[in-house]
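Trainee: I'd like to go over a predicted model; first the sequence, then the structure.
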Amino acid sequence: MINHRMYWFLLFIMCVVCTQNTLAHYNKTFMQQRNHALNNLPMDYVTLKEREVARLEDRFGGILSAKSFIMNDVHSGAHTTYFSMYDKPIVTIPQDLLFSDIIHGLAVPAESCIIKLIPKMESYGFILGYHQDLSKVLPGLYLAIKLPIMHMDSAINPVITSNNDIVSFFQGAVIEGSNQEPLHFGKIYPGFRDITHSNGVADIDITVGYRFLQKDEYNAGFSLALVLPTHEQEHSCAYLLEPMVGSNHWGIGGGIDAQALIWGDEDHYLKISHATAYRYFFQAPEKRLLGLSNIPWGHYQLIRTSNGNLAPAANYLVKNVEVAKGSIVEMLLGLTYARNGFTADLGYNLYFAERETIKMHHPIPQYTLDKDGSTHDIDATVAETPLQFTNSIYAGIGYTLSDFENPLSVGIGCKFEFASQNSALDNAQVWITLGWSF
């Protein structure tokens, strides 16, 4: 029986309290999207975890799994400020931004224009997995591999009122009557899913673990991991919030996990589980849309180019840079109820991603604004994703047909994720799991 109930309680309180941060970010050009196929402990635990930790006799010890999932963002008003000019959900012309700051040579419209940028994201796909018990080599040793195949849509769903020229500007269209270059990067298109989508194999995660405690009442282990980048594509920066499946960042990490019996026996029991997964991603080259120092929405304002032309600064601010993603930490605390092959899971999931840092290549040019002739340096911080904290509640049910010679497991799970800051999107997820043990 479990003897450390207070430890589990304090761990849960710590997880909740440490994520309560309501800082709002704004004037951003990039948001790193969580890889829900790889960094998702609830999806790993629901249904199949009981098969993975079972002590098998006279079996090969393999588990093949396939998980089908779908994720949709849940809109929150706080997220509209992330790509906005200031710490408020709308940009108003001319109060916040002058018409002539972005469009040259046309008469200033009499009516105000309101711009609201709403981030939208969804993904779906399959995760193929394999878990191999290696106790014949060393008791408690195992190998696990995850290979996600995903489709992702993400874009800005804008609300722009009262002026067709401003709509044309953000869509990257030629503005009739103006001699400026059309916008090439950071464009905003009014139809979600119409333009930006991505398909492919996401990063591959390989884990080698050792379960150093494996008793009927409790088990515990640790693991080491390697993340293989798939580098399916790079951001073109043509549109804000472009989707990307896979990356070119190598990663290493590890984790710990433990389960303890609260009450019951082999066929009917209640367990408590804890897991922590850590990944560190190395610096790698990426393409990002940068900004202008001390100028909110400087990437959209008109500059004078070296040959005297007028252009949105974004056309010249897309740079090849070095991006350091740093650390990602994920924690899980959950309960599993099991009876005669049936399992039910309920728990809490924490996700933390370190703030990105960007290093630019030298020399770093300066740019001159058309409106006042002032010269400004490049600001790389607008393209860095800030620290991300999220809290999730998950649940799932499953059933294992253990009467078969090779047991078959099936389950369904769901998760609701809530961001403590506007640097990540609230979302809801549903997945179906199939597992075959042999």
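Mentor: Arrived safely.

Trainee: quick one: neighbours of residue 210, just the number.
Mentor: A count of nearby residues for residue 210, using other CB atoms under 10 Å, gives 14. Quick note: C-beta positions are derived from backbone N, CA and C, even for glycine.

Trainee: with residue 403 instead?
Mentor: That count, for residue 403 with other CB under 10 Å as the rule, works out to 8.

Trainee: dihedrals phi and psi, it?
Mentor: Here is the backbone geometry of residue 403 (degrees, to the nearest 10): phi -70, psi -20.

Trainee: any idea how far it is from residue 341?
Mentor: Using CB to CB, to the nearest Å, residue 403 is found at 9 Å from residue 341.

Trainee: likewise for residue 368?
Mentor: Residue 368 is 71 Å from residue 341, by CB to CB.

Trainee: swap in residue 425?
Mentor: 37 Å.

Trainee: quick one, which of the two is more surrounded?
Mentor: Each of residue 425 and residue 341 has its neighbours counted (other CB under 10 Å); residue 425 has more, 26 against 15.

Trainee: wait, the more buried one sits on residue 83?
Mentor: No - with contacts counted by CB atoms under 8 Å, residue 425 stays clear of residue 83, the gap being 12.0 Å.

Trainee: where do the contact lists of these two overlap?
Mentor: Common neighbours of residue 425 and residue 83, counting by CB atoms under 8 Å, 6 or more residues apart in numbering, are 31, 119.

Trainee: now do the strands in the stretch 101-250 of the chain.
Mentor: Under the criterion DSSP state E, counting those that start in this stretch, the stretch 101-250 of the chain contains strands at 113-133, 141-160, 197-201, 204-214, 218-228.

Trainee: got the buried residues for the fourth one?
Mentor: Of the residues in strand 204-214, those buried under the neighbour-count criterion (16 or more other CB atoms under 10 Å) are 204-205, 207, 209, 211, 214.

Trainee: just checking: what are the partner strands of that strand?
Mentor: strand 141-160 (antiparallel), strand 218-228 (antiparallel) (DSSP bridges).

Trainee: where are the low-confidence patches of this structure?
Mentor: Within the chain, the stretches with pLDDT under 70 are 1-23, 51-58, 76-78, 190-196, 232-234.

Trainee: separation between the residue of it most remote from its centre and residue 100?
Mentor: Computed with CA atoms, centre = their mean, the residue of the chain farthest from its C-alpha average is residue 107, at 42.5 Å. Distance, residue 107 to residue 100, by CB to CB: 10 Å.

Trainee: and if you look at residue 73?
Mentor: 35 Å.

Trainee: same check on residue 397?
Mentor: Distance, residue 397 to residue 100, by CB to CB: 60 Å.

Trainee: go on, residue 122?
Mentor: 37 Å.

Trainee: what's the answer for residue 420, then?
Mentor: For residue 420 relative to residue 100 (CB to CB), the value is 39 Å.

Trainee: counting neighbours, go ahead and name the busier of these two.
Mentor: Legend: neighbour count by other CB under 10 Å for residue 420 and residue 100, higher for residue 420 (20 against 16).

Trainee: what about the closest residue to residue 341 other than its chain neighbours, which helix or strand?
Mentor: Excluding the flanking residues, the one nearest residue 341 by CB to CB, 6 or more residues apart in numbering is residue 400, at 4.7 Å. In the assignment (DSSP states H and E), residue 400 maps to strand 388-401.

Trainee: what packs against that strand?
Mentor: helix 41-45, strand 342-353, strand 408-419 (3 or more CB pairs under 8 Å, 6 or more residues apart in numbering; DSSP states H and E).

Trainee: for the stretch 251-400 of the chain, which segments count as helices?
Mentor: According to DSSP state H, counting those that start in this stretch, the stretch 251-400 of the chain carries its helices in the segments 314-317.

Trainee: tell me which of the strands paired with strand 204-214 is the most buried.
Mentor: Compared across the strands paired with strand 204-214, strand 141-160 shows the largest average neighbour count, a mean of 20 (mean count of other CB atoms under 10 Å).

Trainee: mind checking how far that strand is from the chain centre?
Mentor: Strand 141-160 sits 8 Å away from the centroid of its parent chain (CA atoms, centre = their mean, to the nearest Å).

Trainee: then stretch 179-193?
Mentor: Per CA atoms, centre = their mean, the centroid offset for stretch 179-193 relative to its chain is 24 Å.

Trainee: hmm, who's touching that stretch?
Mentor: 29, 103-105, 117, 120, 153, 155-158, 160, 167, 169-175, 195-196, 237-240, 289, 299-300, 302, 309-312, 314-315, 317-318.

Trainee: quick check: buried residues in that stretch?
Mentor: Buried residues in stretch 179-193 (16+ other CB under 10 Å): 180-189, 192.

Trainee: kindly report the same for stretch 112-121.
Mentor: For stretch 112-121, a neighbour-count test (16+ other CB under 10 Å) marks 113-121 as buried.

Trainee: residue 89 is in contact with residue 96, correct?
Mentor: No - the criterion here is CB under 8 Å, and residue 96 misses it with residue 89 at 11.8 Å.

Trainee: please, where are all the helices along the stretch 51-200 of the chain?
Mentor: Going by DSSP H, counting those that start in this stretch, the stretch 51-200 of the chain shows helices at 99-102, 164-171.

Trainee: just give me the neighbour total for residue 333.
Mentor: The burial count for residue 333: 20, using other CB under 10 Å.

Trainee: tell me how far it lies from residue 242.
Mentor: 34 Å.

Trainee: related to what we said a few turns ago, quick one, phi psi at the residue farthest from the centre of the chain?
Mentor: Per degrees, to the nearest 10, the backbone of residue 107 is at phi -60, psi 140.

Trainee: comparing the helices and strands packed on strand 388-401, which comes out most buried?
Mentor: helix 41-45 (a mean of 25).

Trainee: alpha carbons of it, as CSV, please.
Mentor: The C-alpha trace of helix 41-45 is given here as CSV (Å, rounded to 0.1, in the frame of the first residue of the first chain):
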residue,chain,number,x,y,z
LEU,A,41,2.3,12.2,-21.5
PRO,A,42,-1.5,11.6,-21.1
MET,A,43,-1.6,10.1,-24.5
ASP,A,44,1.3,7.8,-23.5
TYR,A,45,-0.4,6.7,-20.2
